[in-house]
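Trainee: Task: produce atomic coordinates for the following.
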Amino acid sequence: MFDSARILEPLDEERDKLERLDAYRSPAELRVALAAAAAVVEQTLRRLLRQDATAPDELRLIALSAEQLPYDRLIPALTKSNRISLALAGEAHELRRTAERAASGDVRAADADAACAVLDRLRREIVALSAAESTSQTGGTAASGIGTASRLDWQEEPAVVKPPDGRPERRRLWLYAAAAVVLVLAVWVVWPRGSPMAAGIEAFPDRLGVAEREFLTVLGDEPENVTARLYLGRIYRLQARYEEAAEMLRLAADAAPADADVRRELGYLFLDLDRPTSAVEQFRRAQQADPENDLNWIGLIRALRIAGDPEADVVLSRAPADVRAVFLSNPPSGTD
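Mentor: Sure, this is the predicted structure:
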């Protein structure tokens, strides 16, 4: 039984400390609040993994132990099962680093805003996941659950929903893994290892601070580099630095109006900003520019559904088979 109230208890138990993120009166108080926020996020994610019926038993058994399951293994375990979005994963990692930096004496006013954004996203995702689980248990379709959590769990990668016999899922997992290998090889060929571009791509999304520094270095040498601007837009969005993300992506779109990756990232940004109609337009342009990329179809359908546009079903009906399978297959049964 998925108990969202139980999972979210750490946020309620530390409410007084977390409220200091908005009402701190000194850098010292903000340091305490940031430390509390990082600890609360970790404990909440550990409780989420403990209740994840799709996770391996060996992980669920040690989910609450920081010694047996270090933080750097906790986040991948949750993203692998699509329990949290890549956006939340990136923000949680960054919050931990922020709390460590603050503890050493480097405290910034923007840290409070970023921490509040992480806590808000965490609560919303778990509430949405609970609603999706309830729909599944009462016989609803996977598409209904996805609609509830639409803006939360689809950031850069589509969820891989396991059909009843498991065979299509293994095929898609293999395809995504192969695509990742091709991407890495392409990075090494196009950008030599050790170059700022290659270093930035390698650091993304696990070390956002390092990736940001490397991509800014690229822009220092090549101010019109669209790829660097695209990645910086992604980094700023993951950190809830929305104005910076918007400006970086605007410049990228000005330089490359037909770039599908840039348009798709703008779509994700508009979804994060609760502007689904604007997101639809960006995903539509991405899909038109690159109709072979499933992510563009998925983003368009999700944005249409969030906007309440009946065209979503029309687009879904003509989407590639793998895209339809993501939306129409039965959700995982909880057993492997």
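
Trainee: Relative to Asp322, how far out is the nearest residue in space to Phe270 that is not next to it in sequence?
Mentor: Nearest residue to Phe270, sequence neighbours excluded (Cβ to Cβ, 6 or more residues apart in numbering): Ala279, at 3.7 Å. Glycine gets a C-beta too; all of them are placed from N, C-alpha and C. Counting by Cβ to Cβ, to the nearest Å, the gap from Ala279 to Asp322 is 21 Å.

Trainee: between those two, which one's more packed in?
Mentor: More crowded of Ala279 and Asp322, by other Cβ atoms under 10 Å: Ala279, with 27 against 16.

Trainee: check which helix or strand covers the more buried one.
Mentor: Assessed by DSSP states H and E, Ala279 sits inside helix 276-289.

Trainee: Pro27: neighbour count?
Mentor: Using other Cβ under 10 Å, Pro27 has 15 neighbouring residues.

Trainee: cool, and Phe204?
Mentor: Neighbours around Phe204, by other Cβ under 10 Å: 21.

Trainee: Which other helices and strands does the longest helix belonging to the chain contact?
Mentor: For the chain, the helix with the greatest residue count under DSSP state H is helix 109-137. Judged by 3 or more Cβ pairs under 8 Å, 6 or more residues apart in numbering; DSSP states H and E, the packing partners of helix 109-137 are helix 4-7, helix 9-13, helix 15-23, helix 27-50, helix 86-103, helix 142-148.

Trainee: CSV for those, including distance to Leu300 and mean pLDDT?
Mentor: Converted to CSV, the helices and strands packed on helix 109-137 look like this (distance: least, Cβ to Cβ, whole Å; pLDDT from 0 to 100):
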stretch, distance to Leu300, mean pLDDT
helix 4-7, 29, 87
helix 9-13, 34, 89
helix 15-23, 36, 88
helix 27-50, 29, 94
helix 86-103, 19, 87
helix 142-148, 14, 30
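
Trainee: okay if I get those as a markdown table plus distance to Phe283?
Mentor: Output for the helices and strands packed on helix 109-137, formatted as a markdown table (distance: least, Cβ to Cβ, whole Å):
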| stretch | distance to Phe283 |
| --- | --- |
| helix 4-7 | 29 |
| helix 9-13 | 32 |
| helix 15-23 | 33 |
| helix 27-50 | 29 |
| helix 86-103 | 16 |
| helix 142-148 | 15 |
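
Trainee: Would you mind giving the secondary structure of Asp274?
Mentor: Classification of Asp274 using DSSP: H, G, I helix; E, B strand; the rest coil returns coil.

Trainee: Neighbours of it, how many?
Mentor: Asp274 has 10 neighbours, counted by other Cβ under 10 Å.

Trainee: Check Ala117 too.
Mentor: Neighbour tally, Ala117, other Cβ under 10 Å: 18.

Trainee: average pLDDT across the helix or strand just after the helix holding Ala279?
Mentor: The C-terminal neighbour of helix 276-289 among helices and strands, as given by DSSP H and E, is helix 294-306. For helix 294-306, mean pLDDT rounds to 93.

Trainee: could you say what helices and strands helix 294-306 packs with?
Mentor: Using 3+ Cβ pairs under 8 Å, 6+ apart, the elements in contact with helix 294-306 are helix 142-148, helix 260-272, helix 276-289, helix 311-317, helix 321-328.

Trainee: Any buried residues in the longest one, and which?
Mentor: In this case it means helix 276-289. Under the neighbour-count criterion of 16 or more other Cβ atoms under 10 Å, helix 276-289 has Pro276, Ser278, Ala279, Val280, Glu281, Gln282, Phe283, Arg284, Arg285, Ala286, Gln287, Ala289 buried.
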